[in-house]
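[1] Structure for this input, please:
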Amino acid sequence: MEILIKASQFLLSLSLLIVLHEFGHFLPAKLFKTRVEKFYLFFDAWGKKLISFKWRGTEYGIGWLPLGGYVKISGMIDESMDTEQMKQPAQPWEFRSKPAWQRLIIMLGGVIVNFILGFLIYMMVLDVWGEDQVKPQDVKNGFAVNAIFNQYGFKDGDMILKINGEVPEDVLAINKNLFLRDVTSVDVKHTDGSFETLSIPETIGSTMWENGVMMPFTPISKPIIDVVAEDMPAMKAGFKPGDVIASVNGNEVASWSDFTNKVVSSEGELKVAVLRNGVEQTINVTPNENNKIGVAQNKTARESITVTHKSYSFTESIPAGFDKAYWTLKDYITQFKYVFTAKGATSVGGFIAIGNIFPSTWSWQSFWGITAFLSIMLGFMNLLPIPALDGGHVVFTLWEMITGRKPSDKFLEYAQIAGFFILMSLLLYANGNDIYRWLAG
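    Okay, the predicted model is just below:
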């Protein structure tokens, strides 16, 4: 049932984004009196379609292959690879007959819609639901700090007071800010009551990435198990929700982060002492190949912080929605560079990875928030200068506008074919990663 709910949200979100993206091409094409032959959600590969109808000279339909969608514009070398049409004399209603500036607007229409849609959805989400925030003083026990951050002066129990000299609206964003944004200083209060401004090196994001430490700061919570995952070592060993971790291999456990660090850094079987209904007992467990045993917190972790809900009026949601859309795009562009590392290449995901972003229970707030993120991501990805993507067509059109020389139809045809194979290779690789991770467990 959970898989069905995730899949339903993913399919609905994908369909909405595809239709609106393609409408972004369709509308300016019509405004510039360019003939649009087809408008399809999903691909009607080999002429197979689920449904279709014709209206005002355009065929609308739903294809059977859910890998995207397209509008077929007359006189344009695109996914259809209709080279026979390109051999005929150019007609005034065709894409190739239009001025370069009109063709540029038609090609940019899809990504413009994606960016605007992301902003509008974020604005709507903030207006309807607002957002939850955690103020610096509301992390009751301070933060547990990963060991690699000790070299910068951070200590377990630190309270984060300011980031770059400003009090953060949501202090839990410290991890994302360190990884993706230009953080140069963090003001902290240590457990001994002293205050200190700590300098952050420019390379902190790369350090986090290379060491696999994406959550160096976690609110300190009691070492109580709330969730025991099925078919994981912890369940097989006999752990139960409500167990309080007392020690690991004879070493006392002070907090949940202390416990997880001991598990991750361990080798072989662990002797874990737990308190269950006030009685101590020892459980032997061997972590899996990822050094995990399959326990987690939710309720206990929430109790370690105080959440403040912030509501927005309609007028307040407009600049706040724009700000959220801007930072979503900027953060995505910043982290995109890590894709080109060996570690990043193995972390690339396909449809399964995207589908798993959605929650296992239906939530309209989560659905719209994720859809806004995917819309902005789709807009950015389509701007990449790869032939067959909007960005590739934009590059060729800009070249024509700057040099006055239009690339030949034969060149555009070969570029489209090359771009298609690049995209298919990336698609197969990303979804292959998904399948490998699924089989690995």
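[2] in stretch 3-21, what's buried?
    6, 9-10, 13-14, 16-21 (16 or more other CB atoms under 10 Å). Heads up, the C-betas are built off the backbone N, CA and C, glycines and all.
[3] What lies in contact with it?
    Under the criterion CB atoms under 8 Å, 6 or more residues apart in numbering, residues 41-42, 66, 68-69, 110-111, 113-114, 117, 351, 354-356, 358-362, 367, 370-371, 374-375, 378, 382 lie in contact with stretch 3-21.
[4] Give the helix, strand or coil label for residue 208.
    Under DSSP: H, G, I helix; E, B strand; the rest coil, residue 208 falls in the helix class.
[5] ok, it - contacts?
    If you count contacts by CB under 8 Å, 6+ apart, residue 208 has them with 178-179, 214, 216.
[6] do the same with residue 76
    Contacts for residue 76 (CB under 8 Å, 6+ apart) come out as 94-96.
[7] How much space separates it from residue 32?
    According to CB to CB, to the nearest Å, residue 76 and residue 32 sit 12 Å apart.
[8] re the thing from before, out of the contacts of stretch 3-21, which sit inside strands?
    The strands, defined by DSSP state E, take in 41-42, 66, 68-69 from the contacts of stretch 3-21.
[9] of these, closest to residue 407?
    Nearest to residue 407 out of the ones in strands among the contacts of stretch 3-21 is residue 68 (CB to CB; 24.1 Å).
[10] That closest one and residue 420: what is the separation?
    Using CB to CB, residue 68 is found at 12 Å from residue 420.
[11] Likewise for residue 248?
    As judged by CB to CB, residue 248 and residue 420 stand 53 Å apart.
[12] do the same with residue 51
    According to CB to CB, residue 51 and residue 420 sit 25 Å apart.
[13] thinking again about what came up before, and the contacts of residue 76, which is closest to residue 198?
    Ranked by distance to residue 198 (CB to CB), these are led by residue 95 at 56.4 Å.
[14] which residues sit against stretch 275-287?
    For stretch 275-287, using CB under 8 Å, 6+ apart, the contacting residues are 233-234, 237-240, 242-244, 246, 263, 266, 268-274, 293.
[15] swap in stretch 160-175?
    Under CB under 8 Å, 6+ apart, the answer for stretch 160-175 is 133-136, 138-139, 143, 177, 182-189, 195, 214-217, 219, 305, 310.
[16] which among those residues end up buried?
    By 16+ other CB under 10 Å, those give 133-134, 136, 138-139, 143, 177, 183, 186-189, 216-217, 219, 305 as buried.
[17] Now intersect these with the helices, please.
    residue 177 (DSSP state H).
[18] Go through the buried ones among the contacts of stretch 160-175 and name the one nearest residue 343.
    residue 216 (17.0 Å).
[19] the helices in the stretch 51-200 of the chain, which residues?
    Taking DSSP state H, counting those that start in this stretch as the test, the helices found in the stretch 51-200 of the chain are 83-87, 100-129, 174-180.
[20] any idea which of the ones you listed scores lowest on pLDDT?
    Mean pLDDT per stretch puts helix 83-87 lowest among the helices of the stretch 51-200 of the chain, at a mean of 64.
[21] how does the chain divide into domains?
    Split into domains by automatic domain parsing, the chain comes to 1-11+100-130+312-385, 33-97, 136-220, 227-297.
[22] can I get these in CSV with distance to residue 432?
    Shown next, in CSV, are the domains of the chain (distance: least, CB to CB, whole Å):
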stretch, distance to residue 432
domain 1-11+100-130+312-385, 8
domain 33-97, 15
domain 136-220, 22
domain 227-297, 20
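[23] if I pick residue 355, what's in contact with it?
    Counting by CB under 8 Å, 6+ apart, residue 355 touches 6-7, 10.
[24] State the phi and psi torsions of the residue of the chain positioned farthest from its centre.
    Going by CA atoms, centre = their mean, the residue of the chain most distant from its centre is residue 89, 45.1 Å out. Per-residue torsions, residue 89: phi -60, psi 140 (degrees, to the nearest 10).
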